[in-house]
Structures are given as structure tokens and as C-alpha cells.
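Asker: okay, structure incoming, though there's no sequence with it:
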């Protein structure tokens, strides 16, 4: 899902709201029809994927921007994780 989201958008960096929306849509698609949302939220996944134990994404706040952005770590882009 991660690399696909960035490739689909044709951007190496995505703002938090856009990446969260893409992930929420993916989670909704995986859910059985009529099933209530359970488990982790998109925000939970983003927090997990940026933590040191996982390190799939890098999150930072560009100067002058209101919203944090995410980018894939080099290991993910190179398929090493």
C-alpha cells in the first residue's frame, strides 16, 4: 500500500491529510461490506510506520507549511524491508 500510494500520486512526498485519505480508502476497501470499522485507524498506522521499530516512512514539517508531510524511507523505496 505504501509505495503504491506514492506512485499513484506521482509524488515522492505526500501531505498528511492526503496520505491518510488514501489509507482510509484502502482500509475501507479491505473491510467486509456492512462491517463496522475495527482495529487500527489510518492515523494509528501512520504513527506506527514512522516509529523507529518500523521506519517505513519519514514524517517532517516543512518550513512555512501548516501540515506535516511523509516520504518513504530509502529502505522501502529500494525494497529492502
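Answerer: Received, thanks. In this text, all values refer to a predicted model and were calculated from it rather than measured experimentally.

Asker: name the residues that touch the lowest-mean-pLDDT helix or strand in the chain?
Answerer: One helix or strand of the chain scores below all others by mean pLDDT, DSSP states H and E: helix 74-77, with a mean of 78. The contact list for helix 74-77, computed with Cβ atoms under 8 Å, 6 or more residues apart in numbering, reads 2-3, 55-57, 81. Every residue, glycine included, has its C-beta placed from N, CA and C.

Asker: mind running it again at 7 Å?
Answerer: Helix 74-77 has contacts (Cβ atoms under 7 Å, 6 or more residues apart in numbering) with 2-3, 55-56, 81.

Asker: identify the farthest-apart pair in the residues you listed.
Answerer: Within those, 3 and 55 form the most distant pair, 14.3 Å apart (Cβ to Cβ).

Asker: so where do the strands sit in this protein?
Answerer: Remark: strands assigned in the chain by DSSP state E are 13-15, 57-60, 69-72.

Asker: just to revisit the earlier point, list the buried ones in the least confident helix or strand of the chain?
Answerer: residue 76 (16 or more other Cβ atoms under 10 Å).

Asker: still on that earlier bit, point out the most buried one among the strands of the chain.
Answerer: Highest mean neighbour count among those (mean count of other Cβ atoms under 10 Å): strand 69-72, with a mean of 20.

Asker: what is it packed up against?
Answerer: helix 2-9, strand 13-15, helix 16-30, strand 57-60 (3 or more Cβ pairs under 7 Å, 6 or more residues apart in numbering; DSSP states H and E).

Asker: where among those is the average confidence lowest?
Answerer: Among the helices and strands packed on strand 69-72, helix 2-9 has the lowest mean pLDDT, at a mean of 81.

Asker: which secondary structure elements does that helix contact?
Answerer: Helix 2-9 packs on strand 69-72, going by 3+ Cβ pairs under 7 Å, 6+ apart.

Asker: same thing but 8 Å
Answerer: Under the contact criterion of 3 or more Cβ pairs under 8 Å, 6 or more residues apart in numbering; DSSP states H and E, helix 2-9 touches helix 16-30, strand 69-72, helix 74-77.

Asker: so which of those comes closest to residue 48?
Answerer: Here helix 16-30 is closest among the helices and strands packed on helix 2-9 (Cβ to Cβ), at 11.5 Å.
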